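Undergrad: I would like the atomic coordinates for the input below:
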Amino acid sequence: MFILKLSLLTVLFAAQGLLISAENAITCYGNVQRLSCDSGLISVKSAIYGRTDSTTCSAGRPPVQVQNTQCSLKISLISKRCNGQRVCEFKTDVLGSPDPCVGTYKYYNTTYDCIQGRVRVLCEDSYGTLDCGNEVIQIINANYGRTDGTTCSEGLPGSLIGNTNCYAPDTLTSVATVCNGRSSCPVQASYTIFTDPCVGISKYLTVSYFCLPPSVQISVTCEGSTAVLTCGTGVLQIQSANYGRTDSIICSAGRPVNQVTKTDCYASNTLAIVMNRCHGKTTCSVSASNDVFSDPCVNTYKYLSIAYSCAVY
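TA: Predicted structure coming up:
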């Protein structure tokens, strides 16, 4: 459920002007995949390992190694490592991904957004405060450990900074639980809070986050169901809406991979239809269906995402 809540934040990027650009990186197995944002921070939408066509990464490969195009596996480790960073590099052959199709030469296909955000770094045993003023905090990612040899390294011997593959597994959950939805939040870089992921290594806490108006709400409805928006007081103000798929995780339970891998699916009439049915009303209902919006991506399982607020006059 926590992963789903984080994924739903992608709905807000365009609505709040957080989205800077949409990017894609395809890397043949064994090489270095590099995700980068000239401006903003990385937010991974989907990461697939396998083969979905016969031409990508096929140079010099015998036909038997590229003919299986129904091979894909979702990789969550990339988003855990890269979200909230400006640049993220890793060797694909050390990720330890299971082999979804033995004998097929595979590649990593990662789609991600560059979004506006803030980054706070605290060296070990330091304290700090995340502050969004009149808005509220939404955590993108957090890690207590060490991922490079330069951050918080002044005066330290190499033995204390040599391990750059150090991640405390529950950092994101811990920080988000304490900070999400608050206007300010104290944080501390300490093993007493996050446990020690690499004993004998000098660690630091990195937190990436953005600030949102406190009144924005998100409604996500899987295809075939109906979205119901209600304001206890005031009237609905629609911020953004899309019927399609921009994420491989939302509304994916029980669905075959080929129905959730397309993440650039937008019904161009979504906002106009939702505005017409809901804007300025106290309650409304909208069916997440092709009958209402038409089908923007055949054979993809879609969902209706709506960002809205309640205005009191």
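Undergrad: now residue 252: closest residue in space that isn't a chain neighbour?
TA: residue 260 (4.4 Å; CB to CB, 6 or more residues apart in numbering). In short, each C-beta sits where N, CA and C put it, glycine included.
Undergrad: for residue 27, see how far away that neighbour is.
TA: Note on residue 260: its distance to residue 27, by CB to CB, to the nearest Å, is 21 Å.
Undergrad: so between these two, which is more surrounded?
TA: Per other CB atoms under 10 Å, whichever of residue 260 and residue 27 has more neighbours is residue 260, with 24 against 18.
Undergrad: local confidence estimate at the more buried one?
TA: For residue 260, the model assigns a pLDDT of 90.
Undergrad: and what of the one 5 residues further on?
TA: Turning to residue 265, the model gives it a pLDDT of 87.
Undergrad: with the one 4 residues further on instead?
TA: For residue 269, the model assigns a pLDDT of 87.
Undergrad: how does this structure divide into domains?
TA: 10-115, 118-212, 217-311 (automatic domain parsing).
Undergrad: re earlier: how about the residue nearest to residue 252, what does it touch?
TA: Neighbour list for residue 260: 245, 248-249, 251-252, 300-301 [criterion: CB atoms under 8 Å, 6 or more residues apart in numbering].
Undergrad: which of those residues ranks first by neighbour count?
TA: residue 245 (27 neighbours).
Undergrad: spit out the contact partners of the nearest residue to that one once chain neighbours are set aside.
TA: Spatial nearest neighbour of residue 245, excluding adjacent residues (CB to CB, 6+ apart): residue 265 at 4.4 Å. Applying CB under 8 Å, 6+ apart to residue 265 gives the contacts 244-246, 296-297, 300, 302.
Undergrad: just curious, which of these is nearest to residue 187?
TA: Nearest to residue 187 among those: residue 246, at 30.0 Å, using CB to CB.
Undergrad: against residue 140, how distant is that closest one?
TA: 16 Å.
Undergrad: now residue 38
TA: When residue 38 is compared with residue 140 (using CB to CB), they lie 18 Å apart.
Undergrad: looking at these two, which is more packed in?
TA: The neighbour comparison of residue 38 against residue 140 (other CB under 10 Å) goes to residue 140, with 22 against 10.
Undergrad: quick one: the more buried one and residue 117 touch, right?
TA: Yes - contact status for residue 140 versus residue 117: in contact at 5.7 Å, counting by CB atoms under 8 Å.
Undergrad: tell me, what's touching these two both at once?
TA: Joint contacts of residue 140 and residue 117 (CB under 8 Å, 6+ apart) are 41, 84, 208-210.
Undergrad: Throw those residues into CSV and include secondary structure, thanks.
TA: Output for these, formatted as CSV (DSSP: H, G, I helix; E, B strand; the rest coil):
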residue, secondary structure
41, strand
84, coil
208, strand
209, strand
210, strand
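Undergrad: okay, and for this protein, where does confidence drop off?
TA: 1-17, 313 (pLDDT under 70).
Undergrad: all helices of it, in order?
TA: Residue ranges of the helices in the chain, as given by DSSP state H, are 2-8, 12-15, 77-82, 171-179, 191-194, 270-278, 290-293.
Undergrad: show me where the stretch 151-300 of the chain has its strands.
TA: Assigned strands in the stretch 151-300 of the chain, in chain order: 166-167, 184-188, 204-212, 217-222, 226-230, 235-245, 265-266, 283-287 (criterion: DSSP state E, counting those that start in this stretch).
Undergrad: residue 104: which of the ones you listed is closest?
TA: Nearest of these (CB to CB): strand 235-245, 25.4 Å.
Undergrad: pull up the pairing partners for that closest one, direction included.
TA: strand 265-266 (antiparallel), strand 303-311 (antiparallel) (DSSP bridges).
Undergrad: what comes up buried for that strand?
TA: 235-245 (16 or more other CB atoms under 10 Å).
Undergrad: any idea how far that strand is from the chain center?
TA: From the chain centre to the centre of strand 235-245 is a distance of 19 Å (CA atoms, centre = their mean, to the nearest Å).
Undergrad: re the thing from before, quick one: the buried residues of strand 235-245 as a markdown table, columns for distance to residue 19 too.
TA: Output for these, formatted as a markdown table (distance: CB to CB, whole Å):
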| residue | distance to residue 19 |
| --- | --- |
| 235 | 27 |
| 236 | 23 |
| 237 | 20 |
| 238 | 18 |
| 239 | 13 |
| 240 | 10 |
| 241 | 15 |
| 242 | 12 |
| 243 | 18 |
| 244 | 15 |
| 245 | 16 |
